[in-house]
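>>> sequence and computational prediction follow.
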Amino acid sequence: MRIGLLTSGGDAPGMNAAIRSIVRTALYRGSEAIGVRGGYSGLFERDFVDLDIPSVGDIIHRGGTILGTSRSEYFTTDEGRDVAFRVLDGYVDALIVIGGDGSMRGALELADRGLKVITIPGTIDNDIGYQEESIGFFTAVSTVTEAIGKIRDTSSAHNRANVIEVMGRNCGDLALYAGVAGGAESIIIPEVPMDLDKVVAKVCHGRDRGKRHHIILVTEGRDAQSITETIEERTGVETRLTTLGYLQRGGDPDVRDRINATLLGKEAVERLLQGEGQGGLALGIKGGLPLAMDLREALNVEKEFRRDLYDAMEMISF
Ligand code: ADP
């Protein structure tokens, strides 16, 4: 079997571990692995690379993606998808797509045209509802948690409040998990209506009992600057804003992401070899174990909010 694979959308640590697992499993099983460079855009340029054993050596521990990724405008058009399908049809027997929600929707378009497709969730946002641990998420949580710790040190030294802007425009998981792990006082995320009075009250309460640091996480897409100014004005505590930005995407994948990526990469190839993938199949991790679901169905599952985590954080952070 000739198996094509690509990484698409936002890169996430662990994508390389998935690529390695796919390629090694395919070769072990006597199949071929063809990498597409630069996500869906690479299809239009026929930017293909035969992946052999050494080509995926020494990458399990590296962030980013050796295949490159992109956001392809042309692929969002019907014409682009028709062209992409024609490029792949007959050239590969199936395609494995590693990416986020948008990449999965793109994969479904190819599946609807008749290509066998399996998707592996790779995104630091963890905004994909049918599963629990997208590849890259826990590495990013650790990265943000480490940043919170560093900012907390300097915050305590100067007796300041710090607003930290975290990625996750539509899904607050990254801010929520890192906020819990980093001991943030307040977390402003899309799932919960913003209550600045409560944030201000917490900072005042902390200030009055001599607390020297106050960490407030805010997901991107809010006006973090004006939130910062409001907190300073209303509490009298010097308040600074830090935007973490792209450093949240980088870094070596953590243990969990490497293991999940390895499991799902192998699972994807084995399932293709067993004849699955027609109509599109989504893989993921739930309860620590691999899960497979019809791709269209998977994309319709709404993301559940971890209210328990949020409530725990709210209760103990004062
Ligand atoms: P992610 O996969 O990380 O969510 P994007 O949303 O940017 O990242 O999606 C990656 C690529 O997938 C886009 O450039 C586009 O070509 C394709 N794509 C995105 N959304 C859709 C959609 N709704 N339908 C089909 N293809 C899509």
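Yep, it's here. Predicted model, so just to flag it, every value in this text is computed and none were measured.

>>> next up, the contacts around Glu232.
By Cβ atoms under 8 Å, 6 or more residues apart in numbering, the contact set of Glu232 is 161, 238-239. Where you see a C-beta, it was placed from the backbone N, CA and C, and this is true even at glycine.

>>> let's see that with 7 Å instead.
By Cβ atoms under 7 Å, 6 or more residues apart in numbering, the contact set of Glu232 is 238-239.

>>> and Ser72, how many neighbours?
Applying other Cβ atoms under 10 Å, we find 22 residues neighbouring Ser72.

>>> can you report phi and psi for the nearest residue to Gly179 once chain neighbours are set aside?
Excluding the flanking residues, the one nearest Gly179 by Cβ to Cβ, 6 or more residues apart in numbering is Ile187, at 4.2 Å. Backbone torsions of Ile187, given as degrees, to the nearest 10, read phi -130, psi 120.

>>> got it, and Ile120?
Main-chain dihedrals, Ile120, degrees, to the nearest 10: phi -120, psi 120.

>>> per-residue confidence at it?
At Ile120, the pLDDT value in this model is 98.

>>> doesn't Ala178 make contact with the residue nearest to Gly179?
No - contact criterion Cβ atoms under 7 Å: Ile187 and Ala178 do not qualify, at 8.9 Å.

>>> still on that earlier bit, now do the residue nearest to Gly179 against the ligand, distance only.
For Ile187, the distance to the ligand equals 23 Å [Cβ to the nearest ligand atom, to the nearest Å].

>>> next, the buried residues of the host helix or strand of Asp197.
Element membership for Asp197, per DSSP states H and E: helix 196-208. Residues of helix 196-208 classed as buried: 199-200, 202-204, 206-207 (neighbour count, 16 or more other Cβ atoms under 10 Å).

>>> got the residues of this structure near the ligand?
8-10, 40, 71-72, 75-76, 99-103, 105-106, 109, 123 (Cβ under 6 Å from any ligand atom).

>>> circling back: now do the same contact list for the residue nearest to Gly179.
175-176, 179, 217, 313.

>>> for it, which residues make a bridge with it?
Leu217 (DSSP bridges).
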